[in-house]
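Engineer: okay, here's the prediction I keep looking at, along with the sequence it came from:
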Amino acid sequence: MSIIVENITKTYGVQKALDRVSFQISAGEVVGLLGPNGAGKSTMMKILTCFIPPTEGTASVYGHDIFDESLEVRRRVGYLPENNPLYLDLYIKEYLEFVGGIYKIDQLSTRIDEMIDLTGLGAERKKKIGALSKGYRQRVGLAQALIHDPDVLILDEPTSGLDPNQLVGIRNLIKEIGKSKTVMLSTHIMQEVEAVCDRAIIIDNGKIVADDSTTNLSSRSPGKQRLKVEFNKSPDEALMAKVKGVKAIFKMDDTHYEIESDQQDVREQIFQFAVRNDLVVLSMQQTGKGIEEVFQQLTRGNQ
C-alpha cells in the first residue's frame, strides 16, 4: 500500500478535528478527499506530510511511519498546500533551485528543466513569480512538489481560484501525473473529482462517511435517474411522456432531451419508442445522482 492510515484522531482542545479515521490507498490511485469546510481534510493532509502529529493513531507512507521515519516520509511525499507558499521576488528557476537544494538533488539544473516542461512553465520561465497569473503560480507549486520525484503527491485545493481555462490545464496535468504517482487531492468542486479521481473519500465532522470509487458513489443512493438522449429529429413529446417508466421530460433543444425515471432503466423503452415513431437515436447516456448530490446527502445533516 502507498498510504495506510490507522485510527487517526486529532484534537484541538476539546474539539476533534479527526475522529478515528482509517483508510488505505494503493500505489497509482488518484483519490479525492472531500468534505465541508472544517471537516478535517487539511488536518489529515498535514498529518500525512508530517507537518503536525496526530493525537492518537498512526500512518505510514510506503512503509515509513510518520513518527519514526518522518524524514523519509517527507522525501517520499510532494505537497502543495491550499495557500501556495511562494517567494514572489524570485524567478521561477531561482525558486526551483532553492527547493531542489533543500532536497540535495543531483543534476538539479536538468531536473528543473524537466519540471518546467512537465508543468507547462516554459513560456513564463523568465518571469518573477510575482508577475505570474494564479494558474501559473499553481503550476510553480506543482513543480516544487514534484521536483524531488516523490512517490506520493498531496494537493490541498489545487484549483482554488482558477478560471475555467486554468482549471482544465491543471486538471489535465494532475491526470497525467496520476499515471505514474499516487495522488491525493482535496477539493470542493465535485465535477473535478468525477473528471480526475478514481476514488473519493468523503469526510464529515472528522469521520469518514463514504469511501468508494467515483463510479459507485455516483449511483449508490436511491433516487431519480436521468437518461440523456439525442434523436435525429424532434420527437413527439406527448407520446414520449407516455412511455413506461418515464416520469418527466426536459427538452434541451429540438433533438436533445433528458428523460427522468424513478430508479428504472428506460433505455430499451426509449429505443422502441424511437423505432415506432421513425426516429433514430444518435446517442444515449444514463446518469446517476452524481457525486455532488451524494455528497450533499451525506453531509447536509451537520450544516
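Structural biologist: Arrived safely, thanks for sending. Numbering: from 1, shown residues only.

Engineer: okay, and for the chain, where does confidence drop off?
Structural biologist: 219-224, 263, 287-290, 301-303 (pLDDT under 70).

Engineer: domains for it, by residue range?
Structural biologist: 3-217, 224-292 (automatic domain parsing).

Engineer: of all those domains, which lies closest to Thr299?
Structural biologist: domain 3-217 (4.5 Å; CB to CB). Placement of C-beta: from N, CA and C, glycine included.

Engineer: end-to-end on that closest one?
Structural biologist: End-to-end distance for domain 3-217, by CA to CA, to the nearest Å: 21 Å.

Engineer: next one: stretch 83-102
Structural biologist: End-to-end distance (CA to CA), stretch 83-102: 20 Å.

Engineer: could the domains of the chain go into a markdown table alongside mean neighbour count and distance to Arg300?
Structural biologist: Shown next, in a markdown table, are the domains of the chain (neighbours: other CB atoms under 10 Å; distance: least, CB to CB, whole Å):
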| stretch | mean neighbour count | distance to Arg300 |
| --- | --- | --- |
| domain 3-217 | 18 | 9 |
| domain 224-292 | 15 | 12 |
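
Engineer: distance to Leu298 added to the ones you listed, as a markdown table?
Structural biologist: Output for those, formatted as a markdown table (distance: least, CB to CB, whole Å):
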| stretch | distance to Leu298 |
| --- | --- |
| domain 3-217 | 5 |
| domain 224-292 | 10 |
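
Engineer: my guess is Tyr257 contacts Asp236, does it?
Structural biologist: No - at 11.7 Å, Tyr257 and Asp236 do not qualify as touching, with contact defined as CB atoms under 8 Å.

Engineer: contacting residues for Asp117?
Structural biologist: If you count contacts by CB atoms under 8 Å, 6 or more residues apart in numbering, Asp117 has none.

Engineer: check the gap between it and Leu146 for me.
Structural biologist: Look at Asp117 and Leu146: by CB to CB, to the nearest Å, they are 12 Å apart.

Engineer: go on, Thr49?
Structural biologist: 14 Å.

Engineer: can you check Tyr79 too?
Structural biologist: Where Leu146 is concerned, Tyr79 sits at a distance of 10 Å (CB to CB).

Engineer: so what sits against both of these two?
Structural biologist: Leu153.

Engineer: who touches stretch 275-292?
Structural biologist: 34, 190-191, 193-194, 200, 214, 217-219, 221, 223-233, 235-236, 239, 255, 265, 267, 270-271, 273-274.

Engineer: okay, and which of these map to helices?
Structural biologist: Under the assignment DSSP state H, the contacts of stretch 275-292 contribute 190-191, 193-194, 214, 217-219, 239, 267, 270-271, 273-274 to helices.

Engineer: between those residues, which sits nearest Pro164?
Structural biologist: Gln191 (11.1 Å).

Engineer: tell me the bridge partners for Ser283.
Structural biologist: Partner residues in beta bridges with Ser283, using DSSP bridges, are Glu230.

Engineer: relative to Gln225, how far out is it?
Structural biologist: 17 Å.

Engineer: just Asp65 next, same as before
Structural biologist: On the measure of CB to CB, Asp65 and Gln225 end up 45 Å apart.

Engineer: Ile270 now?
Structural biologist: Ile270 is 12 Å from Gln225, by CB to CB.

Engineer: returning to that earlier point: need the ones in helices among the contacts of stretch 275-292 in CSV (columns: distance to Asp151).
Structural biologist: Putting those into CSV (distance: CB to CB, whole Å) gives the following:
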residue, distance to Asp151
Met190, 27
Gln191, 28
Val193, 22
Glu194, 25
Thr214, 22
Leu217, 26
Ser218, 29
Ser219, 32
Leu239, 58
Arg267, 43
Ile270, 47
Phe271, 47
Phe273, 52
Ala274, 51
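
Engineer: tell me where the stretch 201-303 of the chain has strands.
Structural biologist: Using DSSP state E, counting those that start in this stretch, the strands of the stretch 201-303 of the chain run over 207-213, 224-231, 246-251, 256-262, 281-287.

Engineer: pretty sure Ile203 contacts Thr43?
Structural biologist: No - the pair Ile203 / Thr43 is not scored as a contact, 9.7 Å apart, by CB under 8 Å.

Engineer: quick one, what contacts Met44?
Structural biologist: The contact partners of Met44, taken as CB under 8 Å, 6+ apart, are 5, 8, 18, 21, 33, 203.

Engineer: just to revisit the earlier point, pick the one among the ones in helices among the contacts of stretch 275-292 closest to Ala27.
Structural biologist: Thr214 (18.5 Å).

Engineer: and the gap between that closest one and Ile201?
Structural biologist: Computed as CB to CB, the Thr214 to Ile201 distance reads 11 Å.

Engineer: overlap in contacts, these two.
Structural biologist: Common neighbours of Thr214 and Ile201 (CB under 8 Å, 6+ apart) are Gly32.
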